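**Q** no sequence on this one, just coordinates:
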């Protein structure tokens, strides 16, 4: 249970980091929407970084912190983790610093404080559930984890579920073959 929770939280937080990094790419198609003063950044199709800057630019009020927590939850960060990230960020954030960079530091600190050891049960089946947003490295992480577990002498089976990305199952199969899973 603890392993699944750690993997789940890690995958979700990595997904948020991926979203922050992807904001630098800009919109995928078409020109950017013209700025609309006072409109919700999400309604303008802006990325996570732009939304953060819109919320925390200047001196954030109570509504901005609530909106940030909601934004994190919408980005697939669980409610408890989102609340913890916002509380920690709220303590350390100083007006004038880049909100996206500040959020990234909080997420890094959260991950650094977690127990990175993988605790699987001995003598019985252990399941590791890996979830996260597209492009966050789930399939590669699964492959590396399978290889590590095999080198520790464990029997490993990989299963794909709810994969809509083209060739995701095939990529997982390649990783399984490489790892001897």
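**A** Good, I have the coordinates. Because the structure is a prediction, the values reported are computed rather than measured. Numbers count the residues shown, from 1 in each chain.
**Q** Measure how buried residue 48 is and give me the count.
**A** A count of neighbours around residue 48, defined by other Cβ atoms under 10 Å, yields 23. Using the backbone N, CA and C atoms, a C-beta is placed for each residue, glycine as well.
**Q** Pretty sure it sits against residue 77.
**A** No - under the criterion of Cβ atoms under 8 Å, residue 48 makes no contact with residue 77, lying 11.0 Å away.
**Q** and residue 145, what does it touch?
**A** 118, 128 (Cβ atoms under 8 Å, 6 or more residues apart in numbering).
**Q** Report the rounded mean pLDDT for stretch 81-99.
**A** Mean pLDDT, stretch 81-99: 91.
**Q** Give me the contacts around it.
**A** 9, 12-13, 49, 52-53, 55-60, 65, 68-69, 72-73, 77, 102-103, 105-107, 109-110.
**Q** again, 7 Å this time
**A** Stretch 81-99 is contacted by residues 9, 12, 52-53, 56, 58-59, 65, 68-69, 72-73, 77, 102-103, 106-107, 110 when judged by Cβ atoms under 7 Å, 6 or more residues apart in numbering.
**Q** same thing with stretch 149-166?
**A** Contacts for stretch 149-166 (Cβ under 7 Å, 6+ apart): 134, 142, 146, 168-169, 172, 176, 179-181.
**Q** Recalculate using a threshold of 10 Å.
**A** Residues outside stretch 149-166 that contact it (Cβ atoms under 10 Å, 6 or more residues apart in numbering): 118, 120, 122, 125-131, 134-135, 138-139, 142-143, 145-148, 168-173, 175-176, 178-181.
**Q** Please indicate which of these are buried?
**A** 128, 130, 138-139, 142-143, 145-147, 171-172, 175-176, 179, 181 (16 or more other Cβ atoms under 10 Å).
**Q** Please consider this matter closed, and thank you.
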